[in-house]
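Participant: coords below, sequence missing:
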């Protein structure tokens, strides 16, 4: 836990703040972890997580009274920007990004006092148990059941696509507590340690041959009723509210900008900028990214004014993830035979792996609600087309 | 018709912008059925003098004219809201060519007397000048090399001058012994012959053939002319992009209405997922376009170097040209057979998009231009 005095970052000059954050990253972030191609496991990034915890920078968006940095939107955007530019990798941050905000909004005082310090100290690493084999895009049809037995729920079921579950020791999850009424109304939000008897975690290897996510099985697991958040059968609405304004960040053009710069290195190495056909396609993609950046900034202005997003923010996810896929497909084209190998091509800017670019950009259009579901939402909620 | 754009959800307009936009919305609502648009098609001069006068009475030709010359001295942030609405209304007046390009050529020129003398009558709608700058196909290369000024007379040819038939005067870019300059030349002057080409949207392009035509006042000397032409064309590209944004937005609005009303298989066709996803893709494209227009508007109002202006103009014209074409042709498909008739208004939007997207450089030309500027910069860095 940080024993530093509280700094009022929001009163700092933007430039000074940016400089301070960057300087600390340069001095403390391991070089070999910059711009990691995949989500890092705890054995790679745990030390960094603890360093952030020690510094008091683990939870930039939490209010300072809860141990966060208490950054306002403007400073938070700068903080994120510096991290993205420097290539700071994501830690197993679900506790910070999901559990903390959830408890601050909907948790009891006991829950806040118990769980938040353990997130900030690195003692608890959280993972998310939402999806199930039969509940993907149609999440509300989830079947993992929690049946009351005295002061406990007895939980049985099967969660899947649980990112980095093997590195976590806690899970927050949605379970079915009622089969009455609409399916959204019988869902409860539960918190549980992963070492309870009856819980099994099984890693899943993805197309990139990386065990980034896992399945979690529950076999008569006893979880105290006191570990539910927001009351029985209220889980759906609080989980939905949790998505809130963070949805805009899925539209950040940073990944696409980096993918373009690797494509450029690849093309430089192959001397392709004298080829007009290449330049035409490259420029079209570059403008797709530039125009995404314009749209992203337009949405970010809403946050800066203290506004909230409606369903329209889904357009950023669609444009961003599909642009990233087009870039990766053109990168494959540009790499020729090197697209068919696991390794890559040495360029002035390091190794560029076309196959990894391609495979790595696939899940973007699937997770967080497939792009088809996003289109359904926009059609009805924004264009008001008939059901 | 209901506005589907995200403006009301996520953008903030100043009070002045709201006022200007509201007056433009009311203005185009007078011809929502596009009767006047149809009436002026394929009929010289290809625009509506009465609508021109009504726009002048609202002060719109003075948006970019400094107050000292009888204008309002406003910004692109104010002006673009009108351009979007005129695109929606397919208003049959060459507003970008006049209020942005011709105005800009005079304002950025260095003939003070001419500015004082002529700009007030332009603002009042009494005088209609048109810039004649283009000498080769493609819409990018602004150099004047073919039209020459010798002993006070013009020789050569200018092409693709929009709605030339209704212009009182042409502002002509010429190569003189001093370099590139801008000169006034009267429509109807001796030795000037105009050939007309009917445009797909119902207007006309003029080709001006100069055979020893006597010139009038100099609008811009060699000291400023080249820079003025480049910058005024980039502003014109932004303005045309804003019009294209209006064209694509209204085409989509009309189509969403149609999808809600048209019933097949006992359901409104708008309830079919394949059509919903198509409509969403077009909507996303229109909002990406709007984001770029807004960004470039802000950039131009803040002031840009020649190079920044050219890059930004190419970015916005490439996006809006492509998006308007994609949206208008796919909304024809959303309409089905009725969309292929001249009677359905959706086709008018396609045709205006065909004109505006190819005028002042199409999407491919602007992507090439953008790439060239970027690559030049990199070579210069090395």
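Facilitator: Perfect, thanks for sending it. Since the model is a prediction, treat every value here as computed from it, not as a measurement.
Participant: among the helices and strands of chain A, which has the poorest mean pLDDT?
Facilitator: None of the helices or strands of chain A scores lower by mean pLDDT, DSSP states H and E than helix A:235-243, at a mean of 85.
Participant: Flag every buried residue along it.
Facilitator: By neighbour count on 16 or more other Cβ atoms under 10 Å in any protein chain shown, the buried set for helix A:235-243 is A:235, A:236, A:238, A:239, A:242. Every residue, glycine included, has its C-beta placed from N, CA and C.
Participant: Show me what from chain B comes close to chain A.
Facilitator: Within reach of chain A by Cβ under 8 Å from any Cβ of the partner chain, chain B has these residues: B:4, B:6, B:9-12, B:256, B:259-260, B:267-268, B:270-271, B:273, B:276-277, B:279-281, B:283-284, B:287-289, B:291-292, B:294-295, B:315, B:318-319, B:364, B:367-368, B:370-371, B:374-375.
Participant: Looking at these, which are in helices?
Facilitator: Members of the residues of chain B next to chain A lying in helices (criterion: DSSP state H): B:9-10, B:256, B:259-260, B:273, B:276-277, B:279-281, B:283-284, B:287-289, B:291-292, B:294-295, B:315, B:318-319, B:364, B:367-368, B:370-371, B:374-375.
Participant: Now that we have these, which of them are buried?
Facilitator: Among those, those buried by neighbour count (16+ other Cβ under 10 Å) are B:10, B:256, B:259-260, B:276-277, B:279-281, B:283-284, B:287-289, B:291-292, B:294-295, B:315, B:318-319, B:367-368, B:370-371, B:374.
Participant: Just give me the neighbour total for residue B:124.
Facilitator: A count of nearby residues for residue B:124, using other Cβ atoms under 10 Å in any protein chain shown, gives 15.
Participant: same check, this time on the one 4 residues further on
Facilitator: Here the number of neighbours of residue B:128 (other Cβ under 10 Å) works out to 24.
Participant: Over to it: give its phi and psi.
Facilitator: Main-chain dihedrals, residue B:128, degrees, to the nearest 10: phi -120, psi 100.
Participant: In contact with the closest residue to it other than its chain neighbours, which residues are there?
Facilitator: Leaving aside its sequence neighbours, residue B:128 sits nearest to residue B:168 (Cβ to Cβ, 6 or more residues apart in numbering or on different chains; 4.9 Å). If you count contacts by Cβ atoms under 8 Å, 6 or more residues apart in numbering or on different chains, residue B:168 has them with B:127, B:128, B:129, B:186, B:187.
Participant: Distance-wise, check residue B:168 relative to residue B:34.
Facilitator: Distance from residue B:168 to residue B:34, counting by Cβ to Cβ, to the nearest Å: 27 Å.
Participant: Please apply the same query to residue B:71.
Facilitator: With Cβ to Cβ as the criterion, residue B:71 and residue B:34 are 30 Å apart.
Participant: Those two: which has the busier surroundings?
Facilitator: residue B:71 (21 against 17).
Participant: Tell me if I'm right that that one and residue B:60 touch.
Facilitator: No: using Cβ atoms under 8 Å, residue B:71 makes no contact with residue B:60, being 10.2 Å away.
Participant: count of neighbours near the residue of the stretch 51-200 of chain A found nearest chain B?
Facilitator: Relative to chain B, the nearest point of the stretch 51-200 of chain A is residue A:137 (13.0 Å; Cβ to the nearest Cβ). Neighbourhood size, residue A:137 [other Cβ under 10 Å]: 12.
Participant: Ok, residue A:340 next?
Facilitator: 10.
Participant: I'd say it and residue A:355 touch.
Facilitator: Yes: contact criterion Cβ under 8 Å: residue A:340 and residue A:355 qualify, at 7.1 Å.
Participant: so who does residue 104 touch?
Facilitator: Unless you meant another one, I'm taking chain A. By Cβ under 8 Å, 6+ apart, the contact list for residue A:104 reads A:62, A:63, A:66, A:112, A:116.
Participant: not quite, I wanted chain B
Facilitator: Here residue B:104 is in contact with B:64, B:228, B:231, B:232, B:235, B:236 (criterion: Cβ under 8 Å, 6+ apart).
Participant: ok, residue A:18 - contacts?
Facilitator: With Cβ under 8 Å, 6+ apart, residue A:18 has these contacts: A:78, A:81, A:82.
Participant: Sort out which of these are buried, if you could.
Facilitator: Buried members of the contacts of residue A:18, counted by 16+ other Cβ under 10 Å: A:78, A:82.
Participant: Dump the contacts of residue A:18 to TSV, plus distance to chain B, secondary structure and pLDDT.
Facilitator: Converted to TSV, these look like this (distance: Cβ to the nearest Cβ, whole Å; DSSP: H, G, I helix; E, B strand; the rest coil; pLDDT from 0 to 100):
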residue	distance to chain B	secondary structure	pLDDT
A:78	20	helix	95
A:81	18	helix	93
A:82	23	helix	96
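Participant: Ignoring the adjacent residues along the chain, who's closest to whichever residue of the stretch 201-350 of chain A sits closest to chain B?
Facilitator: Closest to chain B within the stretch 201-350 of chain A is residue A:295: 3.8 Å, counting by Cβ to the nearest Cβ. Of all residues not flanking residue A:295 in the chain, residue B:291 sits nearest, at 3.8 Å (Cβ to Cβ, 6+ apart).
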